[in-house]
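Undergrad: have a look at this prediction, sequence included:
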Amino acid sequence: MSAQSSFNAGFISPDAIRTLFSNAMSEMYRTEVPAYQTLVELVREVNEAVLAADPAERHRLEAAGGLARITEERHGAIRLGTANELSTMRRLFAVMGMQPVGYYDLSEAGVPVHSTAFRPVTDEALSRNPFRVFTSLLRLDLIADAGLRQEAEQVLAARSIFTPAALP
């Protein structure tokens with residue numbers, strides 16, 4: 001047994017963890033927003049109709065290994081309130097083989113939020129599961145109203161979005 005295979009014995013790949021995570025996020029969202037399930041079903045039905053009408057496209061997707069991916073859910077979103085929450089999520093995303101890609105400063109539009117997308121970056125990982133999570137961080141320092149900023153600070157200080165087992 002090679003050193004690499006013994007190292008991997010008993011461990012789940014980052015791609016598999018990402019798939020489990022994306023499935024759990026999707027299920028949670030379907031529970032919270034029932035219309036989302038309707039949207040997913042509509043997309044599936046449209047894809048099936050288009051592929052039934054265009055056998056060449058179906059064949060092209062099958063040959064490229066992309067047929068299953070056209071209905072795969074690819075996005076999620078997480079809203080965070082503190083730099084510590086963002087740091088913890090960055091570490092969790094790293095376990096899933098996801099890196100921060102892109103930067104979005106929404107304060108330019110008057111929203112006190114900065115965002116990035118976490119996603120796999122290698123072609124191999126993207127082909128296994130292209131799921132990405134748009135991750136936004138509330139920037140308390142950009143909230144102009146002192147009372148609102150203080151209220152937000154109190155709410156964030158009182159909450160914990162991670163279970164104790166998830167924290168170091």
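TA: Arrived safely, thanks for sending. Numbering: from 1, shown residues only.
Undergrad: please make it C-alpha for all contacts and neighbour counts, starting now.
TA: Fine.
Undergrad: where does the protein have low pLDDT?
TA: 1-9 (pLDDT under 70).
Undergrad: please enumerate the strands of the protein.
TA: 75-80, 99-105, 113-119, 132-138 (DSSP state E).
Undergrad: what residues of the shortest one count as buried?
TA: Within strand 75-80, the residues scored as buried using 16 or more other CA atoms under 10 Å are 75, 76, 80.
Undergrad: mind listing the helices for the chain?
TA: 3-8, 14-32, 34-53, 55-64, 83-95, 123-128, 146-158 (DSSP state H).
Undergrad: select, out of the ones you listed, the one closest to residue 108.
TA: helix 146-158 (18.4 Å; CA to CA).
Undergrad: how big is the angle separating that closest one from strand 75-80?
TA: Inter-element angle recorded for helix 146-158 and strand 75-80: 110 degrees (by axes from the mean of the first three to the mean of the last three CA atoms, to 10 degrees).
Undergrad: report the distance from helix 146-158 to the chain centre.
TA: 27 Å (CA atoms, centre = their mean, to the nearest Å).
Undergrad: tilt between it and strand 132-138?
TA: Going by the same axes, to 10 degrees, helix 146-158 makes 130 degrees with strand 132-138.
Undergrad: bridging residues for the residue nearest to the spatial centre of the chain?
TA: Centroid-nearest residue in the chain: residue 133, 2.4 Å away (criterion: CA atoms, centre = their mean). Assessed by DSSP bridges, residue 133 has beta-bridge partners residue 76, residue 118.
Undergrad: please name the residues that touch it.
TA: 75, 76, 77, 78, 117, 118, 119 (CA atoms under 8 Å, 6 or more residues apart in numbering).
Undergrad: ok, those vs residue 28, which is closest?
TA: residue 76 (10.9 Å).
Undergrad: what about residue 69, how many neighbours?
TA: Counted with other CA atoms under 10 Å, the neighbours of residue 69 add up to 14.
Undergrad: same question, the one 4 residues further on
TA: Look at residue 73: counted by other CA under 10 Å, it has 15 neighbours.
Undergrad: and what of residue 141?
TA: Residue 141 has 9 nearby residues by other CA under 10 Å.
Undergrad: swap in residue 18?
TA: Residue 18, neighbours per other CA under 10 Å, totals 26.
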